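Engineer: give the three-dimensional model of this entry:
(one chain, ligands or ions: 1)
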Amino acid sequence: MRLTVIGCGYVGLVTGACLAAAGHDVFCTDIDENRIDLLKAGKVPIYEEHLDAVLQRAARENKIVYTSDAGEAIRAGEVIFICVGTPPKDSGEADLSAIDHVARQVATEARSPKLVVEKSTVPALTGVQLQKALAAYSPAGGIKFQVASNPEFLREGTAVADFFHPDRIVVGVEDEKSAATLREIYRPILEKKFHCPIHNGKCPGSTSGELLVTTISSAELIKHASNSFLALKISYANVIADLCERIGADVEEVTHAMGLDPRIGTQFLKAGLGFGGFCFPKDIQAFIHLSAAVGVEFDMLKAAERVNKQRIDRFFEKVHKALWVIRGKRVAVLGLAFKANTDDIRFAPALEVIRRLVEEGAEVHATDPQAIARTKHCFPNVAYFDDPYEALKGVDAALVCTEWPVFRDLDWAKAGHLMSRRLVIDGRNLYSSKKMQSLGFDYYSFGRS
Ligand code: UGA
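Structural biologist: Below you'll find the predicted structure:
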């Protein structure tokens, strides 16, 4: 099938690449011409595991085309996936101006009927607005557009793996024809008929995931309800961690045992600096906003958001307790990305940690396997090191902000000799307290004594 992807960010590029791998002819467009030029030159503007290989293969097989001419891309595809950004406004409400802009482009540039699919995370009822906008912007006697919602459940860092091996594919539609079209688009994924870069083309099992057909409003709500629930789960674990510290329990023991109950599950119960990234913080705000707008109080989400914001305060209580005065101290920040395996620093807790350290007069040494280049734009005066051991040389403390495997596997016996003081304040609970203490470290983490 011929598919158009509008917006070549994390979601759009992964969607375009993986749908091309599934055998479709994909036309990608973006208003950022530099981005399109980079893609045409075979470069990937973001770091996402396996994405490079999937895009290269798609280009070799002539399955993917990049163009900054949105009209050309819109006319080329039978189905149009909207993958543009929906950032938060100051009020927390999602800013849908990019979606509105795309609706106008589609309505004026299309020359034949299209199925227009919302893939960007949008508040419930956006589908209704999109349908209205397409009709309103369409020239008189215009073309008929169908709208669908197909939320993504891709985690940054494992987005390609998540796309190829979904738990579920949700398609919110208005009619059976749209459902059949989307089922056809995803058939190669469900039947594993694509070259998988993760399993080298040989994925275990014969099928994966389940395609659920719902109404558009349900599909929109499924996305927000899922992300907000996961965010709630993390904040819950973080409050348990605070309680553990007060009563001398160990949060790892508590959450591990809780998670063995299949009704609870072990994932997303990791206590620490809390959630960041461009999804949870903005989605939880947008969901609070939407609920209030339709007259439903969702106080528990407000509490989850408050708990998350307080994680940095809790972290700094530990930093102050351990370091006493911050001014004049040299401090290493291990991890800048909002989580491991990505170069994304949007709403990353590490940035707020650095901001406060700089404000309080510390000399900061920062390191991260992927996110240094992006962070330099925010903090040009911080010292950056590719090698974590170099970052640790002569520091009074190491602050762990991201759970990268390279930090998990650090040789702290070696690092201890490089540091001027053996002090680690771990925002991601990466190490065993006993082991760190046995190496002579003053070691602070969350929810453990
Ligand atoms: C999240 C969802 O997991 C995806 O399903 C969804 O598609 C995506 O948002 C989206 O809406 O686009 P993502 O933001 O990439 O994906 O990252 P997560 O792996 O969910 O982690 C979010 C944050 O929570 C990170 O800062 C992570 O460090 C933190 N986290 C996660 C914890 O603090 N504790 C945990 O136990 C798990």
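Engineer: tell me the SS of residue 3?
Structural biologist: Local secondary structure at residue 3 is given as strand here, using DSSP: H, G, I helix; E, B strand; the rest coil.
Engineer: so what pairs up with it in the strands?
Structural biologist: Beta-bridge partners for residue 3, by DSSP bridges, are residue 26, residue 79.
Engineer: find me the pLDDT at the residue nearest the centre of the chain, would you?
Structural biologist: Averaging the C-alpha coordinates of the chain gives a centre point, and the residue nearest to it by Cα atoms, centre = their mean is residue 156 (4.3 Å). At residue 156, the model reports a pLDDT of 91.
Engineer: list the buried residues in the longest helix along the chain.
Structural biologist: Residue-count comparison of every helix in the chain, with assignments taken from DSSP state H, identifies helix 216-247 as the longest. Under the neighbour-count criterion of 16 or more other Cβ atoms under 10 Å, helix 216-247 has 216, 219-224, 227-228, 230-238, 240-242, 244-245 buried. Quick note: C-beta positions are derived from backbone N, CA and C, even for glycine.
Engineer: before we move on, what about stretch 380-397?
Structural biologist: 382, 384, 385, 388, 389, 391, 392, 393, 395, 396, 397.
Engineer: now swap in stretch 182-190 and tell me
Structural biologist: Neighbour-count burial for stretch 182-190, with 16+ other Cβ under 10 Å as criterion, is recorded at 182, 185, 186, 188, 189, 190.
Engineer: next: stretch 359-368.
Structural biologist: Residues 360, 362, 363, 364, 365, 366, 367, 368 are the ones in stretch 359-368 that count as buried (16+ other Cβ under 10 Å).
Engineer: going by distance to residue 272, which of those wins?
Structural biologist: Distance to residue 272 across the buried residues of stretch 359-368 (Cβ to Cβ) is lowest for residue 368, with 16.5 Å.
Engineer: list the contacts for that closest one?
Structural biologist: Contacts for residue 368 were tallied using Cβ atoms under 8 Å, 6 or more residues apart in numbering; they are 334, 335, 336, 337, 350, 375, 402, 404.
Engineer: state the pLDDT value of the second one.
Structural biologist: Going back to what we said before, that points to residue 335. 98.
Engineer: now it: how far from the ligand?
Structural biologist: Residue 335 sits 10 Å away from the ligand, going by Cβ to the nearest ligand atom, to the nearest Å.
Engineer: go on, the third one?
Structural biologist: Using Cβ to the nearest ligand atom, one gets 12 Å for the distance from residue 336 to the ligand.
Engineer: same thing with the fifth one?
Structural biologist: As defined by Cβ to the nearest ligand atom, residue 350 lies at a distance of 10 Å from the ligand.
Engineer: same check, this time on the first one
Structural biologist: Relative to the ligand, residue 334 is positioned 14 Å away (criterion: Cβ to the nearest ligand atom).
Engineer: number of nearby residues for that residue?
Structural biologist: Neighbour count of residue 334, defined by other Cβ atoms under 10 Å: 28.
Engineer: who touches it in this structure?
Structural biologist: Residues in contact with residue 334 (Cβ under 8 Å, 6+ apart) are 367, 368, 388, 391, 398, 399, 400, 401, 402, 404, 407, 410.
Engineer: before we move on, the earlier item: within reach of the ligand, which of the buried residues of stretch 182-190 are there?
Structural biologist: Taking Cβ under 6 Å from any ligand atom, there is no overlap between those and the neighbourhood of the ligand.
Engineer: Three-state assignment for the residue nearest to the centre of the chain, please.
Structural biologist: When states are read from three-state DSSP, the local structure at residue 156 comes out as coil.
Engineer: what subset of the buried residues of helix 216-247 is also close to the ligand?
Structural biologist: 227, 230, 234.
Engineer: now the closest residue in space to residue 169 that isn't next to it in sequence: how far from the ligand?
Structural biologist: Leaving aside its sequence neighbours, residue 169 sits nearest to residue 211 (Cβ to Cβ, 6 or more residues apart in numbering; 4.6 Å). Applying Cβ to the nearest ligand atom, one obtains 17 Å for the distance of residue 211 from the ligand.
Engineer: so residue 211 makes contact with residue 190?
Structural biologist: Yes: with contact defined as Cβ atoms under 8 Å, residue 211 reaches residue 190; the gap is 6.2 Å.
Engineer: quick one, the lowest-mean-pLDDT helix or strand in the chain and helix 216-247 angle?
Structural biologist: Least confident helix or strand of the chain, by mean pLDDT, DSSP states H and E, is helix 280-293 with a mean of 91. Using axes from the mean of the first three to the mean of the last three Cα atoms, to 10 degrees, the inter-axis angle of helix 280-293 relative to helix 216-247 is 120 degrees.
Engineer: got the CA coordinates for helix 280-293 in CSV?
Structural biologist: These are the backbone C-alpha positions of helix 280-293, laid out as CSV (Å, rounded to 0.1, in the frame of the first residue of the first chain):
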residue,chain,number,x,y,z
PHE,A,280,4.7,11.0,30.5
PRO,A,281,5.1,14.6,31.9
LYS,A,282,3.1,16.2,29.0
ASP,A,283,0.5,13.4,28.7
ILE,A,284,-0.3,13.4,32.4
GLN,A,285,-0.8,17.2,32.2
ALA,A,286,-3.0,16.9,29.1
PHE,A,287,-5.1,14.1,30.7
ILE,A,288,-5.6,16.2,33.9
HIS,A,289,-6.6,19.1,31.6
LEU,A,290,-9.0,17.1,29.5
SER,A,291,-10.7,15.5,32.5
ALA,A,292,-11.3,18.8,34.1
ALA,A,293,-12.6,20.2,30.9
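Engineer: what residues does the next helix or strand after it touch?
Structural biologist: Taking DSSP states H and E as the definition, the helix or strand that follows helix 280-293 towards the C-terminus is helix 299-323. For helix 299-323, the surrounding residues in contact (Cβ under 8 Å, 6+ apart) are 228, 231-232, 234-236, 238-239, 242, 272-275, 281, 284-285, 287-288, 291, 326, 329, 331, 349, 352-353, 356, 396-397, 399, 423, 425, 427, 442, 444, 446.
Engineer: and the very next helix or strand once past helix 299-323, which strands flank it?
Structural biologist: Next along the chain after helix 299-323, taking DSSP H and E as the criterion, comes strand 330-334. Strand partners for strand 330-334, identified by DSSP bridges, are recorded as strand 363-367 (parallel), strand 397-400 (parallel).
Engineer: give the buried residues for the helix or strand that the longest one is followed by.
Structural biologist: Moving toward the C-terminus from strand 363-367, the first helix or strand encountered (DSSP H and E) is helix 372-378. Of the residues in helix 372-378, those buried by neighbour count under the rule 16+ other Cβ under 10 Å are 372, 374, 375.
Engineer: before we move on, what about stretch 108-116?
Structural biologist: For stretch 108-116, the neighbour count (16+ other Cβ under 10 Å) marks 110, 114, 115, 116 as buried.
Engineer: so which of the residues you listed would you say is closest to residue 9?
Structural biologist: Closest to residue 9 out of the buried residues of stretch 108-116 is residue 116 (18.1 Å), distances taken as Cβ to Cβ.
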